[in-house]
Structures are given as structure tokens and as C-alpha cells.
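Trainee: Got a sequence here, can you model it:
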Amino acid sequence: MNDTSNRIVTANHLRKEARVDKDVWDHLDELGKVDAALKAAWWDTDNDGVPTILGIDEFLKEANKQQEFKVRLTSRNNEKKAGGDKGSIELGLRRELLSEIYAREAAADSEIVAFREEVLGGKLLEWGEVETWIEKQIKQEEADDLPTHWLSISLPVSQKDFQKAGLTDREGNAIAMTGREYVACEVKLFREKLKYAKPGININTKSSTKIETLAYSKQGDKWPYHKAIKIGGVLDKLREISKALAEAYGWHEAEATSFILADIRPWVGLCSTSSNMRLTTTIAPRQKPRSTWRIKMTIDPMLTDKQVARVYRQARREMLGRNKAGCTNYKAIREKSLRLALFFLKQPSDIKAANRTNRWNKDLTPEQKKEGWEYNTTSRLSKEGKETISRILNPKLGPFAK
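Mentor: Model (predicted):
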């Protein structure tokens with residue numbers, strides 16, 4: 001077994017564990033995260049005698065969040081720098097349209113409406129006020145003496161324990177119940193097991209503690225920021241909503257927080273890459289709306305462009321389905337339809353249909369008029385605008401369109 005008792009954890013060791021880009025590492029260093037991690041870290045050996053660094057879980061979690069945010073920013077900048085060809089224009093319009101739709105849908109969510117009304121008093125913050133507001137809330141919650149850590153305790157349980165608590169029947173089958181009833185049974189089981197936690201009786205408990213942090217973004221800054229927060233307070237509720245939004249729409253939690261507080265519309269990424277690659281593909285279709293579905297590819301860098309294209313083409317066909325001719329069922333939405341949907345969304349809700357049609361026709365360029373973009377009837381413009389929004393938000397995608 002390797003002797004690690006006198007071994008010192010260095011910055012190089014941490015850098016290898018974190019696996020982040022140089023600028024992300026430099027940013028962590030500026031924030032003092034590296035020094036804090038070095039003070040908390042120590043060497044140990046696992047069951048196989050392999051040297052392992054312990055005490056750096058929170059640092060690695062922070063490093064992953066910073067790297068993720070940087071990848072999103074790089075992808076956004078790359079899309080913005082894309083050329084002015086028709087395909088790039090349509091890609092940009094699709095991104096803008098999805099960003100607008102997701103922001104509007106999220107703003108109507110009951111939890112966000114309630115939070116903005118009850119906590120913000122119905123008045124949104126300016127982006128530059130977000131950090132000050134969060135710091136003010138932290139001081140308030142410190143005065144309220146709210147808890148700061150989650151204590152997780154793992155207790156070994158048997159099948160009989162589950163039966164006694166009412167979670168399963170005699171055959172071990174789960175019993176149907178509401179979420180509230182299930183939690184009540186789990187609490188009952190936990191209390192029963194703790195009764196035997198007396199001196200001299202070993203129940204092999206394993207415990208850990210965790211601090212929750214709230215992520216937020218600052219205007220003009222390329223990095224997300226995190227503040228340690230109390231449990232059960234306003235900021236903890238904000239963290240939960242931000243996390244749910246990020247999972248639903250593919251946002252970063254920092255973007256979701258700034259959206260809730262200041263209505264800063266997050267950017268929707270359409271493509272990104274990672275340098276930590278293996279030869280596998282994963283299709284993740286069970287999210288709503290369907291426009292948030294993504295094909296995630298991890299690729300061996302030794303594959304050629306043609307081989308990568310073949311892997312992607314097959315994964316795309318599996319998601320979108322194929323018609324009798326062997327082509328994908330999904331029909332791309334063109335520039336005219338994308339611009340119409342975006343125009344339709346941005347018009348005042350109380351505008352008359354005829355005025356909306358006149359605005360559309362008036363703003364067209366000579367080239368667009370020549371290509372037949374004008375509308376002679378208000379009903380056709382409204383119908384096509386709504387249909388495009390529906391198609392882009394929830395497209396019918398092959399075997400997953402249920």
C-alpha cells in the first residue's frame with residue numbers, strides 16, 4: 001500500500017483532478033478557490049491502495065460549473081460569428097425565436113409569478129442590482145438564524161423495515177400512495193432505525209454535510225457567481241426554481257436566477273462540444289418542450305469528419321424517424337417562417353389582426369416582396385405564425401412524438 005501520510009497536495013494535482021481550461025483555472029485562482037481547496041485537501045488511499053485526493057468535492061463541483069458556463073459562452077460566440085449565408089441566418093433566427101418563446105413561457109410559470117409578486121413586490125430588479133439584492137437577503141437570513149448545512153445520514157434497512165414502515169407489502173411490492181404519504185412513511189422508517197442508535201450498538205451509519213449555493217450572472221461578465229445560502233429561506237427557494245428552469249429549458253442556473261429577478265432573457269444554445277470524449281452517443285428525448293431535446297455526442301478524436309457525420313446522421317434518424325423514402329420526417333423551418341413567428345410574438349397582444357398584417361407587409365424589403373413574403377389576408381398570416389411557433393416548440397419527431 002502506498003504511504004500518503006507525508007504527501008502534499010499541490011496546485012498541479014488539483015488542476016489534473018479539475019480538468020478545466022486554463023482561463024477557467026485562472027478565474028478559480030483569482031476567486032481564492034484554489035487556495036481554499038489546497039488547505040482542505042489531503043492524500044489518502046482507496047481500498048485498492050491507490051493514492052486519492054480527498055476533501056475537494058466542493059472545489060470540483062465549482063470547477064465543473066465554471067467550465068460549463070464557459071462552454072455555453074463559447075458556443076454562443078461561435079454562433080454569433082457564423083457567416084451571413086442563408087443557413088447561418090436561419091440558425092440565428094431559430095435561436096432568437098426559441099429564446100423568446102422560452103422566456104415568455106417561463107415568465108408565465110405559477111412559481112415564478114408568485115415569487116416575483118411575493119418576494120419582489122411585483123417589481124423586477126435591474127440586472128446591476130441582482131448581486132446587491134442577493135447580499136442583502138443573505139444578511140437578512142443570517143439574522144433569522146436559518147440552518148446552513150444539509151446533514152445526510154444513510155441507514156442500512158432490510159425488507160422487513162420497509163414492510164413495517166408501510167412502504168411495501170409482504171411480497172416486497174411497492175404500495176401506491178401520494179408523495180406526501182410516501183415521505184411520511186420514510187420519516188417513520190428513519191425514526192424507527194434511529195431508536196437503536198444507542199452507545200454500544202453499531203448500526204453502521206454513514207453521514208455527510210452539504211452547503212447549498214445560489215448561482216447568478218453579472219452584467220458584462222463572462223463567469224457565473226455563487227453565494228453560499230441558508231436552507232429554507234427566500235434564496236433557497238430561488239435556487240430551487242432556478243434549478244428547475246435550467247433543467248426544463250437547457251439554461252445555466254446563473255442565467256435562470258437573473259431571469260427570475262431581472263427578466264434577463266437567457267440565450268438558447270443550439271450546439272456545443274466537449275473535449276472530454278469517448279465513442280458513445282446518447283439521445284435524451286424525454287424533456288418538454290420537445291425543442292429542448294438534444295443529441296449529445298462524445299467522440300473519439302481519431303474519427304474522421306465523415307465517420308463523425310455518419311454517427312450523427314444515424315442518431316438523428318433514430319430521433320426524427322424516417323419516411324418510406326428513407327428521409328427524416330422533420331421538415332426544416334425556413335427564414336420566412338422563422339421571421340414571421342418572431343414578428344408575431346413581438347407584436348402587442350391587443351393589436352388588431354389587420355394592423356399586424358399591414359406592419360408585416362410594410363417592413364418587407366423589395367427582395368422579400370419579390371419572393372412572395374407579403375400576405376393578402378390577416379387570417380393566413382395569423383395561422384402561419386401560430387403554426388410555426390407550435391412547430392418549433394413541439395415538433396413531431398418520429399418515434400418520440402407522443
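Trainee: Do a quick rundown of the helices in the stretch 51-200 of the chain.
Mentor: Using DSSP state H, counting those that start in this stretch, the helices of the stretch 51-200 of the chain run over residues 57-80, 86-107, 110-118, 130-143, 159-165, 179-194.
Trainee: quick one, which of those is nearest to Glu253?
Mentor: Checking the helices of the stretch 51-200 of the chain against Glu253 by Cβ to Cβ gives helix 57-80 as the closest, at 7.9 Å. For glycine as for every other residue, the C-beta is placed from the backbone atoms N, C-alpha and C.
Trainee: Quick one: mean pLDDT over that closest one.
Mentor: Helix 57-80 shows an average pLDDT of 70 in the prediction.
Trainee: With stretch 244-260 instead?
Mentor: With pLDDT averaged residue by residue, stretch 244-260 scores 90.
Trainee: Export that stretch to CSV, keeping only CA atoms.
Mentor: What follows is stretch 244-260, C-alpha atoms only, in CSV (Å, rounded to 0.1, in the frame of the first residue of the first chain):
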residue,chain,number,x,y,z
ALA,A,244,-35.9,23.6,-12.3
LEU,A,245,-35.9,26.3,-15.0
ALA,A,246,-32.3,25.3,-16.0
GLU,A,247,-33.3,21.7,-16.4
ALA,A,248,-36.5,22.5,-18.3
TYR,A,249,-35.1,24.9,-20.8
GLY,A,250,-31.4,24.0,-21.0
TRP,A,251,-30.3,27.2,-19.3
HIS,A,252,-27.5,27.7,-16.9
GLU,A,253,-28.7,28.1,-13.3
ALA,A,254,-26.9,31.5,-13.1
GLU,A,255,-28.9,32.7,-16.2
ALA,A,256,-32.2,31.4,-14.7
THR,A,257,-31.6,33.3,-11.4
SER,A,258,-31.0,36.6,-13.3
PHE,A,259,-34.1,35.9,-15.4
ILE,A,260,-36.3,35.4,-12.3
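Trainee: which residues touch that stretch?
Mentor: Contact partners of stretch 244-260, identified using Cβ atoms under 8 Å, 6 or more residues apart in numbering, comprise 65, 68-69, 72, 102-103, 106, 109, 111-112, 115-116, 127, 130, 214-217, 224-225, 238-239, 241-243, 264-269, 287-288, 292, 294.
Trainee: what do you get for stretch 366-377?
Mentor: Taking Cβ under 8 Å, 6+ apart as the rule, stretch 366-377 contacts 336, 357, 360-361, 364, 381.
Trainee: are any of the residues you listed buried, and which?
Mentor: 336, 357, 360, 364, 381 (16 or more other Cβ atoms under 10 Å).
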